[in-house]
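1. Below are the sequence and a predicted model for it; my questions follow.
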Amino acid sequence: MIQLGDALTKVFGTSNERTVKRMLPTVKEINALEPAMQQLSDEQMRAKTDEFRARIAAAIADIKDPEERYKAEQDVLEQLLPEAFALVREAGRRVINMRHFDVQLIGGMVLHKGNIAEMKTGEGKTLVATLPC
């Protein structure tokens, strides 16, 4: 006999499956940025870090309340995430000849949110650690 919880899980998926499903549009966005990142010179890639810092600074410049400032900073980091992850992916490809796969991007997003990502042996946990903002 099927339990109600089992039936709901079959229909809606597990909590982890739903979380991963919510991240897939961001993975697609990162993947879409890959060709643009490949076109950047090494110097242009380095300049992106300064650009990201400037965007964060501009977003929080006039905010005095620590809680509001933190929220604004988190909001801009969420906006930067696809571009930053695409940039790190390209840097990894150029420097150590290793390209982040989608599962690694998802692991990086989990870590970025301050959560724990459980990954199996061989799934690239070390490469995942290069991603979180």
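-> Received it, and whenever you're ready, just let me know what you need. Numbering: from 1, shown residues only.

2. What is the neighbour count of the residue nearest to residue 31 when sequence neighbours are not counted?
-> Spatially, and ignoring its direct neighbours in sequence, residue 31 is nearest to residue 102 (7.4 Å; Cβ to Cβ, 6 or more residues apart in numbering). The C-beta positions use only the backbone N, C-alpha and C, and glycine is treated the same way. Residue 102 has 14 neighbours, counted by other Cβ atoms under 10 Å.

3. I'd like the distance between residue 102 and residue 84.
-> According to Cβ to Cβ, to the nearest Å, residue 102 and residue 84 sit 16 Å apart.

4. about what we covered before: the residue nearest to residue 31 against residue 27, yeah?
-> Yes - using Cβ atoms under 8 Å, residue 102 is in contact with residue 27, at 5.1 Å.

5. Quick one: mean pLDDT over stretch 111-129.
-> Stretch 111-129 shows a mean pLDDT of 86.

6. Check stretch 86-100 too.
-> For stretch 86-100, mean pLDDT rounds to 95.

7. do the same with stretch 41-54
-> Averaged over stretch 41-54, pLDDT sits at 96.
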